[in-house]
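>>> give me a 3D structure for the following:
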Amino acid sequence: MFASGRKFMNWERLPIFLLLTLTSQGESSEVRFNRDIQPILARNCFACHGPDEQERKAKLRLDTADGLLTGGTSKEPVIQAGNPEESLLWERLVSDDPDEIMPPPDSHKELSTGEKTLIEEWIRQGARYEGHWSFVTPTLPTLPAGKEENPIDRFVASRLTKESLTFSPEADRRTLARRLHLDLTGLPPSKQQIANFLSDRTADAYENLVTRLLNSPHFGEQLALPWLDASRYADTNGYSIDGGRDAWLWRDWVIKAFNENMPYDQFLTEQLAGDLLEKPSNSQLIATAYNRHHSVTHEGGTIGEENLVNYVVDRVKTTGESIMGLTTGCGQCHDHKYDPLKQVEYYKLFAFFNTLDDRGHDGDSGVNPRPFIQTRTPLATELEVASVKKELERAERELASPDPTSQAKWEEGVLHELEHIGRGFQLIPLDHLTATLPNGDPNRIQVKNDESVEAAGGDFSAYNVCCKIPEGAGVVTGLRVMFEPANNGKIGFGGKSMPGGFVMSTITPCFNPFPAKNIDLNTATPYERVTASSFKPGFRPEFVHDTSRRTGWAPALSDVDKQQHLTITFQEPVDTANQPYLTTELVFNYGEGASPKKFRLALIKGADDTSMLPESLREAITLAPEDRTSGQIEFIRDYFNTHSSAKSPARHHVSNLKKRLEALTANHRIMVMNTSQKPRVTHVLERGFYADKRQAVKPGVPAFLPPLEVPADRDLNRLDLARWLVRSDHPLTSRVAVNRFWQMLFGRGIVKTSADFGTQGEWPSHPELLDWLALTFQSSGWNVKDLIRRIVTSRTYRQSSNTTTELLERDPLNELLARGPRFRLSAEMIRDHALATSGLLVRRIGGPSVKPYHPGDLWRQISHYGSTPATSQTYVQDHGENLYRRSIYTYWKRTLPPPGMAAFDAPNREACVTERGVTNTPLQAFILMNDPQYVEASRVLAQHLLSEEGSDQKRLQRAFEHVTSRLPDQEELEVLKIAIARERARYHSDISGAQNLLAVGESLPDPTLPAAEHAAWTNICGLLLNLSESVTRR
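A predicted model of the protein is given here:
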């Protein structure tokens, strides 16, 4: 700000007197350096006159008392306390001379009139200096006078009184019940839970509700979610193909820790250094995955040593922001420009995390980066295992139980298929082909004179074949790929596990009005039926339809020396006159060079002539029931149970229970921290470049924070760091923690910048309250539930969120807390709210991540095709109960987080996030009205309403209460009555549209309900789920 070489005034003729004293923290009518002046200087001046010595101009510092007192190059002070007119700082700020004014014009920074006035008044009042508030160890403030029993209310009331404001009235009991349930469990209350609370007129009814919710197993899920954001937890590795990793054991550990009310100091210590505790348990080792959630890579062309530096940088950044509320990133390249963190101190922190026995190239597909352990989930108990086994036995009995009605209908369908198989069948060979290898040498594939595509050998993951469809082909119903033996008489290049064969992972046809070298997934032609001439057990032809690159179709190994074919039948016939070009992508992604040698393509007209039904079934099912043997009857029933759509829900239930049992009883991989036998030496890196090593440093902590004594017999380690962070004299950790919990409950923290308690962060709205909470949190034994109980039982928390014109004008952001908080629910809570309201929600705690509904084939569009069965290139949707698990268990891919939640500002988890942004976009309403998850929830809720007797008005009232936890007023009822009449009329004239709507989602609609009525009420429920009130916590 004060450039070197510019002349300073001669201060020798003036009396030099600068009053610089440390003052206690607390609200005051005076202009305070910490609260009012430092933020102005930090934004506008510290870049040139702050902690960064390399960038400092004129050797002048404005961030320290000594800098203000001694001045810069001239050694003259820049402030004359009590006299702004004689202060060089003030003179430069108000100068009209472009060579003298500060900040200089080329900085593109300019102080407002209000900011200049504050500085002028601060100097006039004596220019009292304070060290940055958050770097000073807090002392317990005196409770303000007042009648409020909860100390929180004393601090808030004291501030309100100074602002001539008062508390708002307490929210009504329905609102309080909904608020508490959402805040403490992330789920809305049921009608029964609200009724129970409303009927409890005892004096401690509210406190009893708080106790029940704190003891709910869903409490741990709710508190875990912000910590997952801060810890950048995800299910994939981030870089390159963003392959999968097993990290969910740590997520379950966090949930369990909060549910068991693990002391917060222990919570941090085990995550930072659980492996360094004496005889650490597997649970304590799982905790250390906190420092392993950074992205990793195995990508060729990257430099291992550089990657290792990036990994440690991420650990330092995450620890700094998530625990201390400090931005440390500047220190990688230079002294921090705003906070007193020197570059050498940054690398001392770096040294704590630079002892891991890991590799620079890691994160290969489907493999957890080392070091890792294999252990059972921390949530597993013998009681739960026994319960799942018992449930599995019941489910298997249900699957095997007879269902004569459904079986008879299925048999009719099978007989119909057999009667029509091959009817009108005709092959139309395709010619004038062009073929490419998207990920291979184009010279290794060619189209022969006989219009076959032939590969020269090797490991090809995909073929793209384009052709012009013969004129006159007309309407076609499917596509056949015919594979022929070549060279050594085999059809494929498969290796040890697939000798002479191949595995087709997916096939994607795309008709176009013009030639296209590559397919467009958005216009790909959907297909439904897939058949093949033969298949290897476990590699059925229909597996090419599930889009997974880890499964697929493989011909039977006994037939790899014969021609084989695979046929797909389109969902709707295609008129080739309008789309005369076809591009087909065939993906073979199973490794071991399991791709075909030679194949040709043909379109089909009429019905596919291939049946996948076993010959024995065809023989048995064509017999009259009375002519079947007992063995045939049993065989048909077993085939019905294992293949029919009617038994599909039961099969999915059995499959999910088996997976659940395995998740509870098997050992699973989890990345952990350890200490290498040969720890790496940490150097200061010039400009942060991994190869430009300067002085070696040992682990240590920044000088502006409390000192950490180095043991005489060893270097400091992560356990020392963890214990230092939770020391009572550490000024940051407890403040940052209570601020985050406050943010969770009020929508914003007492310090709004929850990730930055440094000089660029905001001043606390209630400094004494923050310190009181921080110190009582420590003295309670870092008791999280005790802290949250104290907050939610306060009058401050229980206020109505209804506002007035005066409050909106005086305090639009509710910083003064004169009303209750109102904010939009998180992305996960919005989805969970819909599932819970409809009754679809599966409330089971923990387990592997799940994959609910997902739009299109987005993973495939952002992933390249590797030669191995990569875990995160194609989204494979789950079925059954996994579609309805809580959103905290949804599989999180860093390069493409769940789109329905990303639209509501869920982060990608590539870096530490302590406060989510909040946007309001049309896409959000589009998702709430069209995403299958919400449409299905609306349908199921409508089904519940229609299953109960009642008038339209009664049902509308019940629906409204289900969704919002309150009853509608008369005006709202009238609007809804008009809406249901409109929707009813719409679907009575469009039964097909009603049936299409009811077909959304995998849960089956009640066939006894009239389709038009069910569809109409589905849209009403969808309308209610789309209300602002439904997605807002108030």
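
>>> neighbours of residue 414, how many?
Neighbourhood size, residue 414 [other Cβ atoms under 10 Å]: 20. For glycine as for every other residue, the C-beta is placed from the backbone atoms N, C-alpha and C.

>>> care to break this protein down by domain?
What automatic domain parsing lists as the domains of the chain is 11-131, 218-377+676-736, 422-610, 929-1033.

>>> quick one: low-confidence ranges for the stretch 251-400 of the chain?
Applying pLDDT under 70 to the stretch 251-400 of the chain flags the ranges 363-367.

>>> should've said the stretch 401-550 of the chain
Looking at the stretch 401-550 of the chain by pLDDT under 70, you get 439-441, 457-460, 495-497, 521, 546-550.

>>> circling back: the domains of the chain: which one's closest to residue 918?
Smallest distance to residue 918 across the domains of the chain (Cβ to Cβ): 10.9 Å, for domain 929-1033.

>>> deepest-packed of the domains of the chain, please.
Across the domains of the chain, averaging neighbours per residue (mean count of other Cβ atoms under 10 Å) puts domain 218-377+676-736 on top, at a mean of 20.

>>> distance across that one, terminal residue to terminal residue?
Using Cα to Cα, to the nearest Å, one end of domain 218-377+676-736 lies 24 Å from the other.

>>> before we move on, what about stretch 479-493?
With Cα to Cα, one end of stretch 479-493 sits 23 Å from the other.

>>> got it, and stretch 271-288?
So stretch 271-288: terminal residues 4 Å apart, Cα to Cα.

>>> got a list of contacts for it?
The contact list for stretch 271-288, computed with Cβ atoms under 8 Å, 6 or more residues apart in numbering, reads 231, 249-250, 253, 257, 269-270, 290-291, 319, 373, 375-376, 378, 670, 672-675, 717-719, 721-722, 725.

>>> one more: stretch 567-575?
With contacts defined as Cβ under 8 Å, 6+ apart, stretch 567-575 is touched by 474-481, 507, 509, 511, 525-532, 544-545, 604, 607-608, 610.

>>> go on, stretch 1001-1008?
So stretch 1001-1008 is contacted by 649, 840, 853, 879-880, 883, 932-933, 935-936, 939-940, 943, 946-947, 998-999, 1014 (Cβ under 8 Å, 6+ apart).

>>> at 7 Å what do you get?
649, 840, 879, 883, 932, 935-936, 939-940, 943, 998, 1014 (Cβ atoms under 7 Å, 6 or more residues apart in numbering).

>>> and the helices in the stretch 651-800 of the chain, which stretches?
Here the stretch 651-800 of the chain has its helices, by DSSP state H, counting those that start in this stretch, at 718-725, 733-746, 767-779, 784-792, 795-798.

>>> longest single strand anywhere in the protein?
Of all the elements of type strand in the chain, the one with the most residues (DSSP state E) is strand 564-575.

>>> that older thread, farthest-separated two in the contacts of stretch 1001-1008?
Pairwise over those, using Cβ to Cβ, the maximum falls at 879 and 1014, 22.8 Å.

>>> could the C-alpha coordinates of stretch 375-390 be exported in CSV?
C-alpha atoms of stretch 375-390 as CSV (Å, rounded to 0.1, in the frame of the first residue of the first chain):
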residue,chain,number,x,y,z
THR,A,375,-12.1,-55.2,9.2
ARG,A,376,-15.8,-55.4,10.0
THR,A,377,-18.0,-52.4,10.0
PRO,A,378,-18.0,-50.6,13.4
LEU,A,379,-21.8,-50.7,13.4
ALA,A,380,-22.0,-54.6,13.3
THR,A,381,-23.4,-56.3,16.4
GLU,A,382,-24.2,-59.9,16.9
LEU,A,383,-27.8,-58.9,17.6
GLU,A,384,-28.1,-57.2,14.2
VAL,A,385,-26.4,-60.1,12.4
ALA,A,386,-28.9,-62.5,13.9
SER,A,387,-31.8,-60.2,12.9
VAL,A,388,-30.7,-60.0,9.3
LYS,A,389,-30.3,-63.7,9.1
LYS,A,390,-33.8,-64.2,10.4
